[in-house]
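[1] Below is the structure, and that's it, no one-letter string:
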């Protein structure tokens, strides 16, 4: 008895290719990580390797909670990163004699990533027992008397406007005569009028205010060297998000309980910096007693921007204004990536660049005219004019009634145009511009008729969708409206029976029935730019047009290339 052949299912090659591509895309996404992983892991590293090891359990708790807040948005962090934050917060709770809260954190860690394990260098019998209980191995043990008992620092109080807080981690230290970077993120959905930092440098009695600039993912500021000064000590500050009515929507720190940054003569660790930006460089200082010996810039005989002065020759810029050395040259904003730039900018060659305001290019446009239905077009010659293949006008004198050209409603190909384009960006999402060019494909003109108007002159406005549309790579869609001067010619092939040859040649004559529209038009449509880079792209538009005084309807398909200047 022969064995039955096994059932073999053969999938189409296209299905197999799609499956392979899907797997590769999934792997690439996993390898790339989630957008907040780096920030969350930095908080976790600081909490464990700095605060926890220094028995600053309150500070460690705060940073780990900030990390979890960063990861609270969908897909903000990878599951293993979320698990690590919960796990390490559980470790902090164990040594802070809070075993029930520790167990809850371990449970959350295992839910996020079942493969979570305790790091060997941190695992103690007490921590292992609570972790085992979270996995189902029993109840957590009572607090160990040998465990450190330093109470955690109280979490900052919520903002007066609600329970939301600004997400911010104070720099652990900073150097004298070096700009101090401060960075913060707001709760999702919050739209303040401004975000500001209130600060008091060491040794000064008054609080000062500095606005924080919108960056890609939050708000940042670098307090200038002249505010940091040359004397070591704590700089105190707090950050506020302020609404349109002046109300405080969210805060971190307060005037009575400010955050602090130790300002030191020198620091051993990595300098603080804003996301995507390099650490700020020490400012070049003046000579003499205004800065410490051997400090960078102390050997210079003139003062840098921001230092006090009485005369122009004291300053490197030779400009002393209002008692301060001044420079009209704007400082370039250095960056390592787009996240180090303000909103509406990107990082180009290590410097934050703003979107171009002027865009120029060239376009090719193909028109299609709506030919209205008509009868006896070569006899009446009202909406159409008839010409033979050599461009000679046919007056229809001997055309037979009801047999002198029939046209059905539909679009037919019309003129082709080559144009130069210019657009000016206004605000965040609007442009105004012009198009000027020449049209090809005009029809013949009867004797005494009005010649074709070959120029194309157009003024227009556009609305571009999305945030930062003039720096976004890839697809940039927009709407447009406009108007101008242009003529549109199109022809339809018709057959005519003529009495002069009906007996000798019963076959109909063939003519081109030309429809001429214009010479003014109004237009509206949709367009898209595919941005190859921040400053150039390929454009495409589909427009509808209405012409007058000779009324007509036309469509236009336009392709072009544009660059920002």
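    In hand now; what should we look at? From a predicted model like this one, the values you see are computed outputs, not experimental measurements.
[2] what about the strands in the stretch 301-450 of the chain?
    320-321, 324-325, 346-348, 351-353, 358-371, 374-375, 385-387, 399-404, 406-407, 410-426, 430-440 (DSSP state E, counting those that start in this stretch).
[3] Just name the most buried of those strands.
    Highest mean neighbour count of these: strand 385-387, a mean of 24 (counted as mean count of other Cβ atoms under 10 Å). In this view, the C-beta of every residue, glycine as well, is placed from N, C-alpha and C.
[4] Including distance to residue 209 and mean pLDDT, could the strands of the stretch 301-450 of the chain go into TSV?
    As requested, these are exported to TSV (distance: least, Cβ to Cβ, whole Å; pLDDT from 0 to 100):
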stretch	distance to residue 209	mean pLDDT
strand 320-321	22	78
strand 324-325	18	70
strand 346-348	28	78
strand 351-353	24	80
strand 358-371	36	96
strand 374-375	74	92
strand 385-387	74	93
strand 399-404	84	85
strand 406-407	73	92
strand 410-426	31	96
strand 430-440	32	96
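[5] closest to residue 280 out of those strands?
    strand 351-353 (14.0 Å; Cβ to Cβ).
[6] end-to-end on stretch 244-263?
    The straight-line separation of the ends of stretch 244-263 (Cα to Cα, to the nearest Å) is 34 Å.
[7] Return the set of buried residues in that stretch.
    249-254, 258-259, 261, 263 (16 or more other Cβ atoms under 10 Å).
[8] hang on, the earlier thing: just put the strands of the stretch 301-450 of the chain in JSON lines and tack on distance to residue 188.
    JSON lines is the format used below for the strands of the stretch 301-450 of the chain (distance: least, Cβ to Cβ, whole Å):
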{"stretch": "strand 320-321", "distance to residue 188": "43"}
{"stretch": "strand 324-325", "distance to residue 188": "40"}
{"stretch": "strand 346-348", "distance to residue 188": "23"}
{"stretch": "strand 351-353", "distance to residue 188": "25"}
{"stretch": "strand 358-371", "distance to residue 188": "34"}
{"stretch": "strand 374-375", "distance to residue 188": "61"}
{"stretch": "strand 385-387", "distance to residue 188": "64"}
{"stretch": "strand 399-404", "distance to residue 188": "71"}
{"stretch": "strand 406-407", "distance to residue 188": "60"}
{"stretch": "strand 410-426", "distance to residue 188": "29"}
{"stretch": "strand 430-440", "distance to residue 188": "28"}
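[9] returning to what we had before: can you tell me which of the buried residues of stretch 244-263 is nearest residue 72?
    Using Cβ to Cβ, the buried residues of stretch 244-263 come closest to residue 72 at residue 250, 15.0 Å.
[10] Name the spans of the stretch 151-300 of the chain whose pLDDT lies under the cut-off.
    Counting by pLDDT under 70, the stretch 151-300 of the chain shows low-confidence ranges at 151-164, 284-300.
[11] neighbouring contacts of stretch 552-562?
    359-370, 411, 414, 421, 423, 488, 515, 517-518, 521, 523, 525, 527, 529, 536-547 (Cβ atoms under 8 Å, 6 or more residues apart in numbering).
[12] hmm, 7 Å instead?
    Here stretch 552-562 makes contact (Cβ atoms under 7 Å, 6 or more residues apart in numbering) with 359-370, 411, 414, 421, 488, 517, 536-547.
[13] Mind jotting down where the strands sit in the stretch 101-250 of the chain?
    174-175, 180-184, 194-200, 208-211, 213-214, 219-223, 233-242, 248-252.
[14] Out of these, the one nearest residue 68 is which?
    Taking Cβ to Cβ, strand 248-252 is the member of the strands of the stretch 101-250 of the chain nearest to residue 68, at 15.8 Å.
[15] Run through the neighbouring helices and strands of that closest one.
    strand 233-242 (3 or more Cβ pairs under 7 Å, 6 or more residues apart in numbering; DSSP states H and E).
[16] The strand it packs on pairs with which strands, parallel or anti?
    strand 194-200 (antiparallel), strand 248-252 (antiparallel), strand 259-264 (antiparallel) (DSSP bridges).
[17] re the thing from before, out of the strands of the stretch 301-450 of the chain, which is closest to residue 91?
    Here strand 346-348 is closest among the strands of the stretch 301-450 of the chain (Cβ to Cβ), at 37.1 Å.
[18] which residues sit against that closest one?
    276, 335-338, 340-341, 353, 471, 534.
[19] Identify, from the buried residues of stretch 244-263, the entry nearest to residue 481.
    Among the buried residues of stretch 244-263, residue 249 lies closest to residue 481 (Cβ to Cβ), at 37.8 Å.
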